[in-house]
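Undergrad: how would this look folded up:
(2 chains)
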Amino acid sequence: MSAIYHGDDRVPIPPSDAQQFSTVCSYCIVGCGYKVYKWPLGKEGGALPHQNALQVDYTKQQPEQSGTWISPAMHNVITERNGRRFNVVVLPDKDCIVNKGNHSVRGGTHGDVLYASDRPTADRLTHPQLYRGGGQFPTTWDEAIELGARVIKASLDKWGPDTIAMKFFDHGGGGGGFENNWAVGKFFFTGIGTKMASIHNRPAYNSEVFASGDAGIAPLPSAYLDAELADTIMLIGANSYETQSIYFLEHILPNLGGATIDQKQRLIPGETHASGKLIVVDPRRTATVAVAEAHAGKENVLHLQINNGTDIALLNALSRLIYEQRWADQNFITQRTNNFPAFQQVFQSQSLDEAIRLTGISKAQMMTAAEWIAKPKADTARRRTLFLYEKGLIWGLKNYENVASAVDLALLTGNLGKPGTGCGRLGGHQEGYSRPAYPGQRPPVNVDEVAIKGGASKVFWVAGCNPVGGTLNAQSFRVALAQRTALVNQALGSTNGGSLDEKVSAIMNALDKGGLFLIVQDIYPIETAQYAHLVLPAAQWGEMNLTSINGERRLRLYQKFMDAPGIAEPDWKIMARMAHRLESAYRAEGKTEMAARFAGFAWNTDEEVFRAASAGVKGAQEDYGETTYAMLQALGTNGVQTPVQEIRNGVPMGTTRLYTDDKMFTFIPAPWPGFPRQIQTLIDDARYPFWVNNGRANHGWQTLYDDLRKPYVMGREPLPHVEIHPQDAGQLGITNGELVELFNPYGSVTAMAVIVDANAPGHVFMLFEHPKGWLNNLTTDYVDPATTIPYYKGTKAGIRRIGGLPGMNECLSFVPTNRA
Amino acid sequence: MSNVSRRNFLRLGACAISGACAVNALPAIGRAAESPDITTLRTTLPYPRIKLAAIGRLKAGVEHLTAYPDPASPVVLLKLGRPAIEGIGPDQDIVAFSRRCSHMGGALVFRAETGTFHCPLHYAMFDAQKDGLMVIGQATDNLPRIELELDATGDIYAVGVKGLLYGRQANVLA
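TA: Numbering: from 1, shown residues only, chains lettered A, B, ... in the order given. From the prediction side, this is the model:
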């Protein structure tokens, strides 16, 4: 009997009168447009075009790329709170200019994880839960909020705002959006006033691109159109086929294959155009490299397979080569930039030999890269180069200098503000950030170290993330969290049958002795929630209206199309509940100033929060001004690119790309800093011979919170995989599918071996986040002191074989994923 | 015929996070878990029984192009030359798959050296030895497999399809 997943062999037909909604994928930054069809269970449309909502003739085979095919993973049966059941189809929108009907494996399986009580999503959090009697048990919102508010208020009054720590989503897309982000920021920054705040994937409250901001460049300056117009695209630390799949397939790849030359000639007349070229900077030969080569020919793809942690040395070397060849954009440098001499001093102080030694990249390859980036075209026009970077650079050796060296290269070559150019992040999740200002300083405090492990905070509220495995040096974080939360468990255990007052008093006593009160707000019972005293159920994408932007600042309305499970609520409502309770408690004590800090949460609708949140994006790349839900609804899945310039006749007028004006930029000199102490110690220790790089895989999203509930995906990745070079595997006696242990002084993790030559010998690559094996047990506690961003992408470890798991490799494929 | 329903499969998947291994126990538990309230989706489509080829005509690694369950659905019958999941024949290496990519219907190309199907549209890849498992790509399901039977005279018949064929609402057209 096969153990390989296959879906149903039919899907129901949406009838002509099915309700229709407009939305956007909840997952990655690309933000593909989707249409949602909803109709009562038991009813179906007919097979002829006039009998169904998609106007498709189901008596015939549809052609390829029809844009109207419903796969079984796009369908589900849901139950509303009133008990009525509906078919729901979540179909990629062929009229959305982002995806044109295309979809990734992630977004295309959205239908599979809508809440359904007879499906794997049945374990969604439906009710608040309180720790009592040795476990977590359901309760009302009133009791949950009352207890939480009492503990928060008592801690705030006794020890001050920094005793309340938080680690929260700052996403667009699923669960986040401008609405939820605004309420979260208003609660913690205007209300509590804590500096012990951190963003879901890191130990502090910071931008991941401080250097770009300091240079004067917003994180997302370009349009996806620019990837169709560029002469060269440079991907730095990004595996876009697997992580921004539809941007890569629909906008980058066509350019590399020559399909956009006509468009280039039309939009950029007066210069010569050819197929685009691609440079990929990555220690690993990725699927992105393989697919690009297959599509565009090896001669148009340059893979710079650098040594881990040497991006700065490479990028500065390219700047030096370009400058020496006199390919720098002197007019741009003179008219649009400051601080060039300081940058010049840095790139000239690094010899080419030094760069070659550090990076492992040959002079010839560097020269080819320099030519593709900046050697003027035959007609002497400058090349248009689009620099796109993501986690490989952002989470590399030293966040600030890593990003700065990419920004400097873009400024040196004048690649901002013109069609086919730009320098920004590709992005992970979508963006929807709008919050009152964070009260802390730069560099921001390391919340993991100071507030949690160091004991500075007494209450820790976690939402939309899973830090027990997702944060750096996770094993030590987990130990601290377990020890401190256990003190509160013990205190609560001593108040069996006690009143709320007695409970709060026992909790406060435990907090005084080093305990930690943990609130976890999520959609699933995630691993971090196992330690929580209060678990709060949040609504998900599709269960509220929300707004977000994608990687080209495209703002859309994601319509609500179903109820949240049980009594789960949108995050903004949960924050408002807590704020109301604190406001009334302070008012009852006559503390009007404190009460006022928690006022202003009396929103009735998602849109009221959206409108309030516009205050937090004024002047930013996200600025949506006076835009309303009705305006966005009229614009559907194409929305409008922020910043919105004006509302003309009820229609928001957007911005295709930033910096078409005469804005000034600043070079940020960034010398290669060498390895930090923690990494150098591992390098010098023969017990940890392997460099451990890591990243995402095509089929999984973030912590796999939804994917764990997609049997199709879990069939592909039941355990986290680690790619090991055949030479190393041979020496260690490891074969495909066997379990191995990776270990270093920070922790250990088990993973499933995949033998492939994608990485150089001595280098392995492991999936970043998987609840069956947290890579972050191995990452060190090092962060860039300038930004408090970790070096997630580099650690070292030893590897030992554990052994085979029966049935494992029979059901999995070990064909390399990086061959196209 | 197939047919452990997808619903039951999913029900099992929910408790069996170790996925690929645990689902080996699928058939027995699947039947036990059957639930009458979700029958709307369970189908027993009227699949035809169609002879695809005589076993003696298949050569290892060489594609036999045909169609199933009707001429508008191209499929490929293969003798892989090594045992495959759900493989039939004396060597358990004969399998058949849809030739339309389960992502957006691209015409798949088979490469004998790796035993994989490749889509030229968006570079999905499926493993023929592993029941059409997607190696990488953007499809929302593994490659639909044609269910085969071998009769006493050595003729290979197609009798059903596991998974939905691209471009159809039901594998057997109305």
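Undergrad: helices or strands next to the top strand by length along chain B in the packing?
TA: Ordering each strand of chain B by length in residues (DSSP state E) puts strand B:155-162 first. When contacts are defined as 3 or more Cβ pairs under 8 Å, 6 or more residues apart in numbering or on different chains; DSSP states H and E, strand B:155-162 packs onto strand B:50-54, strand B:94-98, strand B:145-150. Where C-beta positions appear, they are placed from N, C-alpha and C, glycine not excepted.
Undergrad: residues in contact with the following helix or strand past the first one?
TA: Looking back up the chat, that one is strand B:50-54. In the C-terminal direction, the helix or strand that comes right after strand B:50-54 (DSSP states H and E) is strand B:64-67. Outside strand B:64-67, the residues that touch it by Cβ atoms under 8 Å, 6 or more residues apart in numbering or on different chains are B:52-53, B:57-58, B:73-78, B:99.
Undergrad: Could you check how far the nearest residue to residue A:513 once chain neighbours are set aside is from chain B?
TA: Closest residue to residue A:513 apart from its sequence neighbours, by Cβ to Cβ, 6 or more residues apart in numbering or on different chains: residue A:487 at 6.3 Å. For residue A:487, the distance to chain B equals 31 Å [Cβ to the nearest Cβ, to the nearest Å].
Undergrad: Also residue A:466?
TA: Between residue A:466 and chain B the distance is 15 Å, computed by Cβ to the nearest Cβ.
Undergrad: Can you name the residues that contact residue A:582?
TA: For residue A:582, the contact set (Cβ under 8 Å, 6+ apart) comprises A:149, A:152-153, A:191, A:594, A:598.
Undergrad: element containing it?
TA: Assigned by DSSP H and E, residue A:582 belongs to helix A:571-588.
Undergrad: do you know which of the helices and strands packed on strand B:155-162 lies nearest residue A:639?
TA: Ranking the helices and strands packed on strand B:155-162 by distance to residue A:639, with Cβ to Cβ as the measure, places strand B:94-98 first at 35.9 Å.
Undergrad: which strands and helices sit next to that closest one?
TA: Against strand B:94-98 (3+ Cβ pairs under 8 Å, 6+ apart) you get strand B:74-79, strand B:145-150, strand B:155-162.
Undergrad: Mind doing that once more with 10 Å?
TA: Identification of packing neighbours for strand B:94-98 by 3 or more Cβ pairs under 10 Å, 6 or more residues apart in numbering or on different chains; DSSP states H and E yields strand B:50-54, strand B:64-67, strand B:74-79, strand B:145-150, strand B:155-162.
Undergrad: check whether the helix or strand that comes right after it contacts chain A.
TA: Using DSSP H and E, the helix or strand that follows strand B:94-98 in sequence is strand B:109-111. Yes - Strand B:109-111 is in contact with chain A by Cβ under 10 Å from any Cβ of the partner chain, via residue B:111.
Undergrad: re the thing from before, strand partners (parallel or antiparallel) of the longest strand of chain B?
TA: Partner strands and pairing direction for strand B:155-162 (DSSP bridges) are strand B:50-54 (antiparallel), strand B:145-150 (antiparallel).
Undergrad: right, so the helices and strands packed on strand B:155-162: which one is the most enclosed?
TA: Among those, strand B:94-98 has the highest mean neighbour count (mean count of other Cβ atoms under 10 Å in any protein chain shown), at a mean of 26.
Undergrad: Just grab the bridge partners of residue A:800 for me.
TA: In this structure, residue A:800 bridges to residue A:741 when assessed by DSSP bridges.
Undergrad: what does residue B:110 give?
TA: residue B:117.
Undergrad: That one touches residue B:95, doesn't it?
TA: No - using Cβ atoms under 10 Å, residue B:110 is not in contact with residue B:95; the gap is 11.2 Å.
Undergrad: what residues do these two have in common as contacts?
TA: The contact sets of residue B:110 and residue B:95 overlap at B:76, B:78, B:128 (Cβ atoms under 10 Å, 6 or more residues apart in numbering or on different chains).
Undergrad: ok, and of those, which contact chain A?
TA: residue B:128.
Undergrad: which residues sit in contact with the residue positioned nearest the centre of chain B?
TA: The geometric centre of chain B, computed from its C-alpha atoms, lies nearest to residue B:145 (Cα atoms, centre = their mean), at 1.1 Å. Going by Cβ under 10 Å, 6+ apart, residue B:145 touches A:2, A:4, A:6, B:2, B:75, B:84-86, B:95-98, B:126, B:128, B:131-132, B:160-163.
Undergrad: buried ones in stretch A:650-659?
TA: A:652, A:654-655, A:657-659 (16 or more other Cβ atoms under 10 Å in any protein chain shown).
Undergrad: go on, stretch B:98-107?
TA: So, applying 16+ other Cβ under 10 Å, buried residues of stretch B:98-107: B:98-106.
Undergrad: what does stretch A:729-748 give?
TA: Across stretch A:729-748, burial judged by 16+ other Cβ under 10 Å covers A:729, A:732, A:734, A:736-740, A:742-744, A:746-748.
Undergrad: From what I see, residue A:741 and residue A:752 are in contact.
TA: No - Residue A:741 is not in contact with residue A:752 according to Cβ under 10 Å; the separation is 11.4 Å.
Undergrad: shared neighbours of the two, anything?
TA: residue A:773.
Undergrad: if we can go back for a sec, now pLDDT too, for the buried residues of stretch B:98-107, in a markdown table please.
TA: As requested, the buried residues of stretch B:98-107 are exported to a markdown table (pLDDT from 0 to 100):
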| residue | pLDDT |
| --- | --- |
| B:98 | 98 |
| B:99 | 98 |
| B:100 | 98 |
| B:101 | 98 |
| B:102 | 98 |
| B:103 | 98 |
| B:104 | 98 |
| B:105 | 98 |
| B:106 | 98 |
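Undergrad: Run me through the strand neighbours of the strand or helix carrying residue A:722, direction for each.
TA: Assigned by DSSP H and E, residue A:722 falls within strand A:721-724. Sheet partners assigned to strand A:721-724 using DSSP bridges are listed as strand A:747-755 (parallel), strand A:763-767 (antiparallel).
Undergrad: how about the shortest one as PDB, C-alpha atoms only?
TA: Taking only C-alpha atoms (Å, rounded to 0.1, in the frame of the first residue of the first chain), the coordinates of strand A:763-767 have been written out as PDB:
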ATOM      1  CA  HIS A 763      29.600  22.600   4.800                       C
ATOM      2  CA  VAL A 764      26.100  21.400   5.600                       C
ATOM      3  CA  PHE A 765      22.700  23.000   5.200                       C
ATOM      4  CA  MET A 766      19.800  22.400   7.500                       C
ATOM      5  CA  LEU A 767      16.100  23.400   7.300                       C
END
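Undergrad: Let me see the confidence value for residue 21.
TA: Looking at chain A here, since you left the chain open. Looking at residue A:21, its pLDDT is 98.
Undergrad: Please refer instead to chain B.
TA: Reading off the model, residue B:21 has pLDDT 33.
Undergrad: ditto for the one 10 residues further on
TA: The per-residue pLDDT reported for residue B:31 equals 29.
Undergrad: what's the answer for residue A:1, then?
TA: 38.
Undergrad: picking that back up, give me the element the residue nearest to residue A:513 is part of.
TA: Using DSSP H and E, the element containing residue A:487 is helix A:474-493.
Undergrad: Alright, calling it a day.
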